[in-house]
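Chemist: Okay, predicted coordinates and the sequence, questions at the end:
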Amino acid sequence: MAANALTTSTPIKTPNPKVHSAAARRVAQPSHSTNADSSAASADFKSRFEAYNRLQAAAFAFGEKLPIPEIVAVGGQSDGKSSLLEALLGFRFNVREVEMGTRRPLVLQMVHDPASLEPRCRFQDEDSEEYGCPVVLGTAIADLIRSRTEAHLKKIGAAVSSKPIVMRAEYAHCPNLTIIDTPGFVLKAKKGEPENTPNEILSMVKSLASPPHRLLLFLQQSSVEWCSSLWLDSIKEIDPTFKRTIIVVSKFDNRLKEFSESWEVDRYLSASGYLGDNTHPFFVALPKDRGMVTNEEFRRQISQVDLDVLHHLRQNVKGGFNEEKFEPFIGFGCLRKFLECELQKRYKEAAPATLALLDQRCSEVSLELSRIEYKLQATSDISHLRKSAMLHAASICTHVGALIDGAADPAPEQWGKSTVEEQQESGFGSWPGVIAAVKPPNCNLRLYGGAAFERVMHEFRCATYSIECPPVSREKVANILLAHAGRGGGGGIVEAAAEIARAAARAWFAPILDTACERLAFVLRSLFDLAVERNRSHDSDYWQKNGDMDGYIGFHAALRRSYNSFVNGLSKHCKQLVRHHLDSVTSPYSQVCYEPDFLGGIGSGSNSYPRSNQIQSISYFLDLSESTGAQEEMDQENVPPKDQLNTTPGKKMESREALKESQMTIPETPSPDLPVDAVLGVRKKDNSHCLDIGGRKRQARTVTNGRISDATRNQNSSFVFGDIAKSGSSYIDICSLAAQHFARIREVLIERSVSSALNSGFLTPCRERLIVALGLELFAVTDENFMDMFVAPGAIDVLQNERKSLQKREKILQSCLNEFKNIARAL
Ligand SMILES: Nc1nc2c(ncn2[C@@H]2O[C@H](COP(=O)(O)OP(=O)(O)OP(=O)(O)O)[C@@H](O)[C@H]2O)c(=O)[nH]1
C-alpha cells in the first residue's frame, strides 16, 4: 500500500534507506508526545478521530452507509488477530475460548484518553446508537462478547453473522484507532456447524473488506511460507495490488530460531518478492503467556518481546540483519504507530468528502422527517383528510371507468381471469337448467373489465339458447286446451301453446337471468383491486400531490365496502329490471308471439334487431384464442357456424327451416309415445338446441307470419273435441307450437330487452354514478363519522416512533456535520 503515513514520503512502497531511518525513528515515538508541536498535531488528530468515532457509531446504529476510513483485521483462524487487538488496546479483554473463535465482527473504537488510567469499555446497544454502562473487568468483557454472539447467532439460526458488536474503549495506554476484528478464515466447518460455514466466513469477510475506504490488516503466521499461503489469493481478490492492505507476519517469535545467517533473515524479511517490490510486511511477536497478569505487566511484556526480537536478530544471527531497511517494520510498536498514523492520514483525506456526504444525508433525513410530520399532522387535520380521501376515491373511480372502457394494464396475464376461474371464484359454476358446459369464445384468455363483461354476456346468451322448451304432460295440455274450448273461440291451440311457452319461459329464464346478474356483478366487483393497483402504479408520486393514503386501513376498507355495495345494488336493480322484462314478455297480453315482422325478421335476418345488436353479435364471435386444436375447441365453445354471424345462436332453426318462408310446417300425428326429442325433432348435436320442425309424414298445416291459417283454425274444434289421450295429433301440435313460442319469447327477451338492460343497468352507472354514490356514502357524513374511518391508533404510534427515531438521527447527523465543519476549517 501507499504507506506514507510515517512521513510525507512513502517508505514502504519506495524503500529509501534514509527515509526508512527517519520513519523508524518516528515510529519509535509515542503517540502522545509531550513536544509542543506534536501535542498540537495530536489534538488535531484526536478531534478528527473522535469526530469519526461518533460518526461511525451513528452509522452503525442507523445503518448509514458512510465511507468512514476503518481498519479491518483479516486472516486465517488463530493467526493472532484478537491478540493483536488486545495488544493495541493495552490490556487483555478477551479471555478467548479457542473452540469458539470470533463469530461476529467486533468493532473496536480505541480512544486515547490520558485521564483514563483504567480502561473504560462500553458496548453499543444492539439496536441503537446508545452505549451502555462501562464494563471494567476483562472477564466481564469477554463474557459479554460471548453471550451477545451466542444470543444473536441463536436468534438468526446461523454459525456466523456480519452484524458487528461495537465496543468503545477509553484508555490512557491505547492509541486513537478504530479496528474491526473479523472471524478467521477456515478450511472446514467445525463439528456441529453447517458445512458451508467456511464459505460464509469468506464471503462475509470479503464484503466487510470490500468498501474502498477500508484498510485491510492481513495477518499470516510466520511459520507459513508465502508460496503456500492459504489466504493470500483471497486477499488479492479483494485488493489485487495491496493498495490498501497492510500485511502482518504474526507470531514472528516462532520463526526466529530458524535464522542463523544474516542473508537468511534479510531474504525472509523481504518476503522473497512474493508480495511485490512495493509491499512490505510488518513482523510482529506478542507475549505467549496467556496467564492472568496486570495490564501494566501485559504492556511491559509486549515491549519486552519487541526488544527480545531485535536482540535475537542482532545477537543470535551471524551478521545481524539489514536494520536500515527492515527495522521500521519489526515489532508491535512499529505496527501500532504506523496504523495510527495511516488512519489519521486517511481521516484527513476523507474529511471533505465525508462533510459533503453528511450534508446530503442531513438534508435527506430532514426531508424524511418533514414527510412524517406532514403525515402525522394530516392524521388530525380533517379537511386535509377529506380532500385526500376524496381525491383518492375519485382516482379509483376513474380507473374503474378506464378498465370498463378497455385497458390492458395492470397485466391481464396476472390480474385477468379465464371463464372457469370466474365461474369458480364467483360461486356460480354453471347456468341453472343448463347441463352442458357453456364455453364462450376466448374462454381461456385472462380477461377483466369491459372485455370480461362482454364475454359473460355472450356466455349468458349461449346458455339461454341451449335451453329447449321442456316437455309438457298430456294432462296439462288437455287442461289448458279444453278450458279454452269451453270459453269458445277458435284460437284454442295457439293460445294453449302460448300459455305453455310462457310458463316454461318464466320457469327457465328467471334463474338464468339471476345468474347472469351475479356473474356480471362479480366481474365488476373484481375491478376494485385492479383500480387500486392501477392507481398505485400510475400515481407513484401520488402522496406528494394528494396526501399519502397508505396506512389508513379503515378508509380503504370503507371505500371497498362502499364500492361492493354499489355493485351489489346494481345487481339487485338489474335483477328486478330483467325480471320485469321477463314478466312483460311472458304476459298473456304480450303480442310477442304474433309479431309478423319478428318472424319475418328472423327468417330474413334483416331488420328485426337494432343494428348495434348485430355489431355486438359479431364481436362476440371473434375468437382470439390460440388456433392450435381450433376445430375441437370451436366445437366446444358454442360458436355458431359462419352463416350465422349476424344472428344469435338460437336463430339457426328458424332461419333454416320452418321460418325460412315465414311459415312453419306442423308434423302430422307422430306417435305420442315417441320421445319428446324425437317428436319435436330436436337435433341434439346442434349447439343451439334448436327445433327442427318436420318429419317423415308432413301435412301442410301452416302458420303464416306467426298466425295460424284459417284452414288450420277451422280444424281447431276437431282437435279439441278429439281424444287427446289417444290421438297424438293435438298434443304434438301444441307442443310444437309451444316450442315455437318459447323460442320467440327467448329471442325477444334476450335480443330486445335483456342485453341492453344489463349494459345500461351495470356499465352506465359505473361510469356515471359511481363517484357520486361513493362520495355520498363516504363523505356526506359528519366529521365524527368521517373520522371513524381514520381511527388507527397503531398506525399513529408507528408514525410517532418513526418520527422520534428520525429526530434523533437528524440531531446526531447534524452534530456530526458541525463537528466535521470544524475539522474542515482546521485542515
Ligand atoms: N507464540 C505466539 N503465539 C501467539 C502470538 N499471537 C497470538 N498467539 C497465540 O495464538 C493463538 C490464537 O490467537 P488469537 O488472537 O485468538 O487468534 P485469532 O486470529 O483472533 O483467532 P480467531 O478469532 O479464532 O480467528 C492464541 O493462543 C494466542 O496466544 C504470538 O505472537 N506468538
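Modeler: The structure has been received and is ready for your questions.

Chemist: Wait, residue 284 touches residue 247, no?
Modeler: No: with contact defined as C-beta atoms under 8 Å, residue 284 does not reach residue 247; the gap is 10.7 Å. In this view, the C-beta of every residue, glycine as well, is placed from N, C-alpha and C.

Chemist: Next to the ligand, which bits of the stretch 251-400 of the chain? Give me the list.
Modeler: By the rule C-beta under 6 Å from any ligand atom, the part of the stretch 251-400 of the chain lying against the ligand is 251, 253, 254, 285, 286, 288, 290.

Chemist: Now, of the residues you listed, which are buried?
Modeler: 251, 253, 285, 286 (16 or more other C-beta atoms under 10 Å).

Chemist: For the helix or strand encompassing residue 304, name the packing helices and strands.
Modeler: Taking DSSP states H and E as the definition, one finds residue 304 inside helix 295-315. Here helix 295-315 touches helix 253-256, helix 332-380, going by 3 or more C-beta pairs under 8 Å, 6 or more residues apart in numbering; DSSP states H and E.

Chemist: Excluding chain neighbours, give the residue nearest to the residue in the stretch 101-250 of the chain that the ligand sits nearest to in space.
Modeler: Taking C-beta to the nearest ligand atom, the ligand has its nearest neighbour within the stretch 101-250 of the chain at residue 184, 2.3 Å off. Nearest non-adjacent residue to residue 184, counting by C-beta to C-beta, 6 or more residues apart in numbering: residue 77, 3.3 Å away.

Chemist: Just give me how far the helix holding residue 304 sits from the chain centre.
Modeler: 61 Å (C-alpha atoms, centre = their mean, to the nearest Å).

Chemist: which outside residues touch that helix?
Modeler: 86-87, 90-92, 118-119, 173, 252-253, 256, 259, 265, 283, 285-287, 289, 293, 320-321, 327, 330-333 (C-beta atoms under 8 Å, 6 or more residues apart in numbering).

Chemist: Out of those, list just those in strands.
Modeler: residue 283 (DSSP state E).

Chemist: burial measure for residue 391, as a count.
Modeler: Neighbours of residue 391 under the rule other C-beta atoms under 10 Å: 16.

Chemist: what about it, which helix or strand?
Modeler: Going by DSSP H and E, residue 391 is in helix 382-405.

Chemist: how about the residue nearest the centre of the chain, what does it touch?
Modeler: In the chain, the residue lying closest to the centroid (C-alpha atoms, centre = their mean) is residue 533, at 12.3 Å. Neighbouring residues of residue 533 by C-beta under 8 Å, 6+ apart: 410, 415.

Chemist: nearest to residue 560, of the helices and strands packed on helix 295-315?
Modeler: Minimum separation from residue 560 across the helices and strands packed on helix 295-315 (C-beta to C-beta) falls at helix 332-380, 20.6 Å.

Chemist: Give me the angle between the closest one and helix 295-315.
Modeler: 140 degrees (axes from the mean of the first three to the mean of the last three C-alpha atoms, to 10 degrees).

Chemist: What's the mean pLDDT across helix 332-380?
Modeler: Average pLDDT, helix 332-380: 84.

Chemist: Direction-wise, compare that helix with helix 382-405 and give the angle.
Modeler: 90 degrees.

Chemist: and helix 332-380, how far from the chain's centre?
Modeler: 31 Å.

Chemist: got it, and stretch 463-478?
Modeler: Using C-alpha atoms, centre = their mean, the offset of stretch 463-478 from its chain centre is 55 Å.

Chemist: Looking at residue 284 and residue 247, which has the bigger crowd around it?
Modeler: Just comparing residue 284 and residue 247: by other C-beta under 10 Å the higher neighbour count belongs to residue 284, 29 against 24.

Chemist: Determine the number of other residues adjacent to the closest residue to the more buried one other than its chain neighbours.
Modeler: Using C-beta to C-beta, 6+ apart and skipping the chain neighbours, the partner closest in space to residue 284 is residue 332 (5.0 Å). If you count neighbours by other C-beta under 10 Å, residue 332 ends up with 23.
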